[in-house]
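> Below is the sequence, then the predicted model.
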Amino acid sequence: MTLPFEVGVVVRDLELMERFYCDVLGCRAERRSGVPESVGGPAGLGGELVVAWLRVPSGGCVKLILPRSAPVPAGAVASPTGHLGLSYLTFHLDDMDPVVAALPAAGARPLSDPVVVRAGGRRISFWADPEGNVVELVDCAPTTRLRP
């Protein structure tokens, strides 16, 4: 591999989702590009679309994909392991507390009770972003600093 890993997320509201991933999770908008039908169709992407590239602080990239020719159907949030295929995005954080505090106001919903769970010496938390995509937060703080 020559570049950090990228993942594509199909969205209904590009501006809302870009604000969510940048303002709450610390991604940085790099660029936005239109993909014409002449490329998106033959490439298997379903036609014309807009792609926003968001750089993750650790170097990876989240590509938000907005189809222009057909609306994206709304779906219920399922358990991250409730279906085959891509299940969730994981963000490793130095301290998840400020992010967890900001998520509800940004339109995210917790998927666990309690919201933060201890697992393998770390704290984890699963959330649905404003459009129902599942996001996992992993607190990289040492176990000696773990909070309830």
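Cool, the structure landed.

> contacts, neighbours, all on C-alpha from now
OK.

> Run through who's touching stretch 29-36.
Stretch 29-36 has contacts (CA atoms under 8 Å, 6 or more residues apart in numbering) with 18, 22, 47-55.

> repeat that for 6 Å
Under the contact criterion CA atoms under 6 Å, 6 or more residues apart in numbering, stretch 29-36 has outside partners 48-54.

> can I get those residues in JSON lines with distance to Ala101, pLDDT and neighbour count?
Listed next are the contacts of stretch 29-36 as JSON lines, based on distance: CA to CA, whole Å; pLDDT from 0 to 100; neighbours: other CA atoms under 10 Å:
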{"residue": "Glu48", "distance to Ala101": "37", "pLDDT": "87", "neighbour count": "18"}
{"residue": "Leu49", "distance to Ala101": "33", "pLDDT": "89", "neighbour count": "21"}
{"residue": "Val50", "distance to Ala101": "31", "pLDDT": "93", "neighbour count": "17"}
{"residue": "Val51", "distance to Ala101": "29", "pLDDT": "92", "neighbour count": "21"}
{"residue": "Ala52", "distance to Ala101": "26", "pLDDT": "96", "neighbour count": "23"}
{"residue": "Trp53", "distance to Ala101": "25", "pLDDT": "95", "neighbour count": "21"}
{"residue": "Leu54", "distance to Ala101": "22", "pLDDT": "96", "neighbour count": "23"}
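
> Cross those residues against strands and list the overlap.
Among those, DSSP state E puts 49-54 in strands.

> Quick check: the closest residue to Trp53 other than its chain neighbours vs Asp97, distance?
Spatially, and ignoring its direct neighbours in sequence, Trp53 is nearest to Lys63 (4.6 Å; CA to CA, 6 or more residues apart in numbering). Distance of Lys63 to Asp97, given as CA to CA, to the nearest Å: 25 Å.

> Nice, that's everything, thank you.
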